[in-house]
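Asks: I need the structure of the sequence given here:
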Amino acid sequence: MTTDAGEPSTRRSIAAQLRMLGVRPGGTLLVHAALRPLGFVCGGPHALVLALRDALGPDGTIVVPTHTPDNSDPAQWRNPPVSVDWWPLIRAEMPGFDPAVTPSRFMGVFAETVRCWPGALRSSHPHVSFAALGPAAEQVVAGHTRADMLGEGSPLARLYDLDASVLLLGVDHTVNTSLHLAEYRRPAPRRDRLGAAVCTADGGREWVWWQDVRLDETDFGALGRDLEATGAVRTGRVGTGTGRLMRQRAAVDFAGQWLARNRTTEDA
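Replies: Coordinates of the predicted model:
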C-alpha cells in the first residue's frame with residue numbers, strides 16, 4: 001500500500017507505511033515531523049495524526065515537542081538579536097507560559113495539531129514543554145521540572161522509562177530532542193543561567209531564573225549518522241519522504257557513548 005510518487009498520500013496509506021516501518025499498537029511514540037518532505041497528504045496534519053493513531057491503536061500514545069523558545073532571556077537571542085534597551089521591557093511584559101493556550105514556536109504544524117487535539121495534555125515547562133495524546137499522556141508530561149529541563153525530571157526521561165520509540169518524519173537527527181537527554185547524563189555538564197515568564201498561582205505573571213545544562217545540537221547530525229550505521233534505526237518511506245524509527249533508549253545510550261568519545265571536556 002505504499003504511495004507512488006505521483007499520488008497523494010492518505011490516512012490509510014500513511015498508516016500502512018507506518019506499520020511497515022515498525023510502528024506497533026500500544027506503543028508510546030515521540031514524533032518530530034515536517035509535512036512538506038512527505039509530499040501531498042490528503043488532510044494534512046489532521047490526517048497524519050489520525051494515521052498515527054490508527055497505527056498505534058487505542059492503547060498507543062503520541063508525544064510531540066511544543067517548545068516556546070521565544071519565552072526566554074532576550075540577552076541570548078541571536079536570530080535575530082534585539083537591542084539591549086529592549087531586554088528589561090521583554091522580561092517585564094512577556095506573557096507567562098500557560099500550557100492551555102501558549103502556542104509552540106518553530107515546532108511545526110503537526111506538533112501544534114497534536115497540542116490542540118481534544119484530550120491532549122501538555123507539560124508545564126516555559127521553554128521546552130511536550131504534549132501527549134493517549135493513555136500514557138499524564139505519565140509522560142506530569143512533573144516536568146524547571147531546572148534540568150530535558151534531563152531526569154523531563155518527559156524525555158519518562159519516555160526512556162517507558163521504553164518509548166522516536167519517529168522522525170521528514171526530518172533528521174538534528175532535531176532529535178531525545179539526544180539532549182544524553183547531554184544531561186554526562187559528568188558535570190556546563191550550565192547557563194536561563195529565564196522565562198511564567199504564570200503565578202494568583203493569575204498574574206512573573207519572570208523567573210534558573211540554572212540549566214548548556215545544550216548543543218550542532219553535532220547531532222554526525223551523531224545520528226553514526227547511530228544509523230549501527231542498524232539501530234529503521235528507515236522507510238512515509239508519503240514521499242523518509243521516516244526514521246528507533247527505540248529511544250538505544251538512541252540515548254548510544255549518544256552518551258558517542259559524546260564521551262567525540263566531545264572534549266571543554267565542550268561539555
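
Asks: center of the protein, which residue is that?
Replies: Pro65 (3.3 Å; C-alpha atoms, centre = their mean).

Asks: now Thr61, nearest residue through space, not along the chain?
Replies: Gly134 (3.0 Å; C-beta to C-beta, 6 or more residues apart in numbering). For every residue, glycine as well, the C-beta is placed using N, CA and C.

Asks: show me what the longest helix that the chain contains packs onto, helices and strands only.
Replies: Across the chain, the longest stretch assigned as helix under DSSP state H is helix 248-262. With contacts defined as 3 or more C-beta pairs under 8 Å, 6 or more residues apart in numbering; DSSP states H and E, the packing partners of helix 248-262 are helix 155-161, strand 165-169, helix 179-184, helix 220-229.

Asks: can you pull out the low-pLDDT segments for the chain?
Replies: Scanning the chain for pLDDT under 70 picks out 1-6, 265-268.

Asks: show me where it has helices.
Replies: Across the chain, reading from the start of the chain, the helices by DSSP H fall at 11-21, 44-56, 87-93, 109-115, 137-141, 155-161, 179-184, 220-229, 248-262.

Asks: how about those in TSV, adding distance to Val238?
Replies: Written out in TSV, the entries for the helices of the chain read as follows (distance: least, C-beta to C-beta, whole Å):
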stretch	distance to Val238
helix 11-21	5
helix 44-56	9
helix 87-93	39
helix 109-115	12
helix 137-141	23
helix 155-161	21
helix 179-184	21
helix 220-229	16
helix 248-262	18
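
Asks: take those helices and lay them out in JSON lines including mean neighbour count and distance to Gly195.
Replies: Output for the helices of the chain, formatted as JSON lines (neighbours: other C-beta atoms under 10 Å; distance: least, C-beta to C-beta, whole Å):
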{"stretch": "helix 11-21", "mean neighbour count": "20", "distance to Gly195": "39"}
{"stretch": "helix 44-56", "mean neighbour count": "20", "distance to Gly195": "32"}
{"stretch": "helix 87-93", "mean neighbour count": "13", "distance to Gly195": "7"}
{"stretch": "helix 109-115", "mean neighbour count": "21", "distance to Gly195": "23"}
{"stretch": "helix 137-141", "mean neighbour count": "20", "distance to Gly195": "22"}
{"stretch": "helix 155-161", "mean neighbour count": "24", "distance to Gly195": "21"}
{"stretch": "helix 179-184", "mean neighbour count": "23", "distance to Gly195": "19"}
{"stretch": "helix 220-229", "mean neighbour count": "17", "distance to Gly195": "25"}
{"stretch": "helix 248-262", "mean neighbour count": "18", "distance to Gly195": "26"}
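
Asks: so which of those helices comes closest to Gly241?
Replies: For Gly241, the closest of the helices of the chain is helix 11-21, at 10.1 Å, according to C-beta to C-beta.

Asks: could you dump that closest one to CSV, C-alpha only?
Replies: What follows is helix 11-21, C-alpha atoms only, in CSV (Å, rounded to 0.1, in the frame of the first residue of the first chain):
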residue,chain,number,x,y,z
ARG,A,11,-4.6,8.5,6.2
ARG,A,12,-4.9,4.9,5.2
SER,A,13,-1.8,4.7,3.1
ILE,A,14,0.4,6.5,5.7
ALA,A,15,-0.9,4.2,8.5
ALA,A,16,0.1,1.3,6.3
GLN,A,17,3.6,2.8,5.8
LEU,A,18,4.0,3.4,9.5
ARG,A,19,3.1,-0.2,10.3
MET,A,20,5.6,-1.4,7.7
LEU,A,21,8.2,0.9,9.2
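
Asks: quick one: list the elements packing against it.
Replies: helix 44-56, strand 234-238, strand 241-247.

Asks: contacts for it?
Replies: Helix 11-21 is contacted by residues 1-3, 38, 41-43, 47-48, 50-52, 54-55, 167, 234-239, 243, 245 when judged by C-beta atoms under 8 Å, 6 or more residues apart in numbering.
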